[in-house]
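Participant: give me a model of this one.
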Amino acid sequence: MLGERIRKFRKQKKMTLEALAGKELTKGMLSLIENNKAKPSMESLSYIAQQLEVEVSDLLGALSSEELRVILEKAEKIYNSDLNKVKERSKRLIELIEPYVDKLSQGYEAARLLEIYSYSLYNEKRQGWQELSDLAAMMYDQMNISVNRAGIAVFRTLDKFNKHDYEKALEIFLHERSLIEENHAYIDPLTRLELDYHEAVLYYAVGDTKAATEIMESALHFSKEKQIFYRVDELYRLAAAHAMMLRNERQKDYYLEKLKLYSEFADNLFSLQFYKLIRIMSLIDEKREYKKAIEEIDQLFSDGEKINFYDPWFNLEKGKALYYLERYEEALLYLDVVVIPPEIHHPFDLSIFYVVDAFKALCYHELGNKNDAVTAIKRAVHHFETLPDTPFKEMVLKANEKIGSQR
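Facilitator: This is a model prediction of the structure:
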């Protein structure tokens, strides 16, 4: 405790109570402090530290900046390791940081360790993550470090977003953003774009197209003005996907072309493959050029630079194209391997994936497997119950009518 630490430093310095008390404190008061019967004010504590030639943090039992940096370096290395092993990372981080939690009281390193520790507790479904997250947020507010404070805001939002409670996620995000703007005199451009991007995502998720579009266009204008193209590709992808949902061909093509130009300029293979995916979807859903779509998918699968992340999407599209070509057994081979990536939670992405059961049902129906067809279409309809109206939802409901009327 504080008293014992003061006594320890005093004896190390071979100082008497009178010498340490000096002109600012009495021997009696200092004795009470050393015996933990009185608490010194910050002014008195600073005076005692000065007399002992140590830092106040040393008296409080806080870790030194050097110790904190070493621990944080270890934590960051674990935190940024294999993203597919979240549970394993969280356990290792808890073991590393937990012994020091009570000593994390000030400075960037302490705040960041509390932030990472709170995320790890959340991932392990342990209590107390919210309180530690609040403490880290308060420390970032005091230091005016907006980028980390925004990271906490986004994490808190994702807690509800990943549970598909989009309204609550938006409510939390707007509250968090208002606190950041209230407490931070300066928000750096990258952080503003990060906040704008997530706000647009959430507005689209709840179906508020007007607000989402305004935020997105404001972010794109700000990005161009500042010559900072952070999150630009994500905004273009979001806008193109939304236009596709509205069947707005002109707007979809406009944003896809923007995305293609940006992707080629930035050599961004991830966004370029998204562009190719939407083009393939258009060949199938709009132009009905099924063989051409299959050719493009097969070309992508043979491409050495293909990103495996998009495999589920391309397998789904190939299954759809084969269904339309009446190659039902082949279609099922591709539809059966479609697994929704665990990080997918936005209604746009879920709508695209949830049609897989409808196409399976249609294939089963054509092959005369009525029971499996009914089971699959019921599953598809159930998935879409809480999602907004989209061309994909419309397709599922039509498939349900077709299968239902011929049972």
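Participant: which residues are contacting the helix or strand of the chain with the lowest mean pLDDT?
Facilitator: One helix or strand of the chain scores below all others by mean pLDDT, DSSP states H and E: helix 56-60, with a mean of 73. Around helix 56-60, the neighbours that count as contacts under CB atoms under 8 Å, 6 or more residues apart in numbering are 2, 5-6, 9, 42, 45-46, 48-49, 52, 63-64, 105-106. Bear in mind the C-beta positions are built from the backbone N, C-alpha and C, glycine included.
Participant: where does this structure dip in pLDDT?
Facilitator: Along the chain, segments meeting pLDDT under 70 span 57, 61-62, 82-86, 304-306, 405-407.
Participant: what's the longest helix in it?
Facilitator: Longest helix in the chain by number of residues (criterion: DSSP state H): helix 347-366.
Participant: report the angle between the very next helix or strand once past it and helix 347-366.
Facilitator: Note on helix 347-366: by DSSP states H and E, the next helix or strand toward the C-terminus is helix 370-384. Between helix 370-384 and helix 347-366, the angle comes out at 170 degrees (axes from the mean of the first three to the mean of the last three CA atoms, to 10 degrees).
Participant: what's helix 370-384 packed up against?
Facilitator: With contacts taken as 3 or more CB pairs under 8 Å, 6 or more residues apart in numbering; DSSP states H and E, helix 370-384 sits against helix 347-366, helix 391-405.
Participant: okay, these, which one's buried deepest?
Facilitator: Counting by mean count of other CB atoms under 10 Å, helix 347-366 has the highest mean neighbour count of the helices and strands packed on helix 370-384, with a mean of 22.
Participant: quick one: that helix to chain centroid distance?
Facilitator: Distance, stretch centre to chain centre, for helix 347-366: 27 Å (CA atoms, centre = their mean, to the nearest Å).
Participant: so what's Y334 up against?
Facilitator: For Y334, the contact set (CB under 8 Å, 6+ apart) comprises N315, L316, K318, G319, L322.
Participant: can I get the CA coordinates of the longest helix of the chain in PDB?
Facilitator: Only the C-alpha atoms of helix 347-366 are listed here, as PDB (Å, rounded to 0.1, in the frame of the first residue of the first chain):
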ATOM      1  CA  PRO A 347     -27.600  -7.300 -43.900                       C
ATOM      2  CA  PHE A 348     -26.300  -6.700 -47.400                       C
ATOM      3  CA  ASP A 349     -23.800  -9.600 -47.100                       C
ATOM      4  CA  LEU A 350     -26.200 -11.800 -45.300                       C
ATOM      5  CA  SER A 351     -28.800 -11.300 -47.900                       C
ATOM      6  CA  ILE A 352     -26.400 -12.400 -50.600                       C
ATOM      7  CA  PHE A 353     -25.500 -15.500 -48.700                       C
ATOM      8  CA  TYR A 354     -28.900 -16.500 -47.400                       C
ATOM      9  CA  VAL A 355     -30.200 -17.300 -51.000                       C
ATOM     10  CA  VAL A 356     -27.900 -20.400 -51.000                       C
ATOM     11  CA  ASP A 357     -30.700 -22.400 -49.200                       C
ATOM     12  CA  ALA A 358     -33.300 -21.200 -51.800                       C
ATOM     13  CA  PHE A 359     -31.100 -22.400 -54.700                       C
ATOM     14  CA  LYS A 360     -30.500 -25.700 -52.900                       C
ATOM     15  CA  ALA A 361     -34.200 -26.000 -52.500                       C
ATOM     16  CA  LEU A 362     -34.900 -25.300 -56.200                       C
ATOM     17  CA  CYS A 363     -32.300 -27.900 -57.200                       C
ATOM     18  CA  TYR A 364     -33.800 -30.500 -54.900                       C
ATOM     19  CA  HIS A 365     -37.200 -29.600 -56.300                       C
ATOM     20  CA  GLU A 366     -36.100 -30.200 -59.900                       C
END
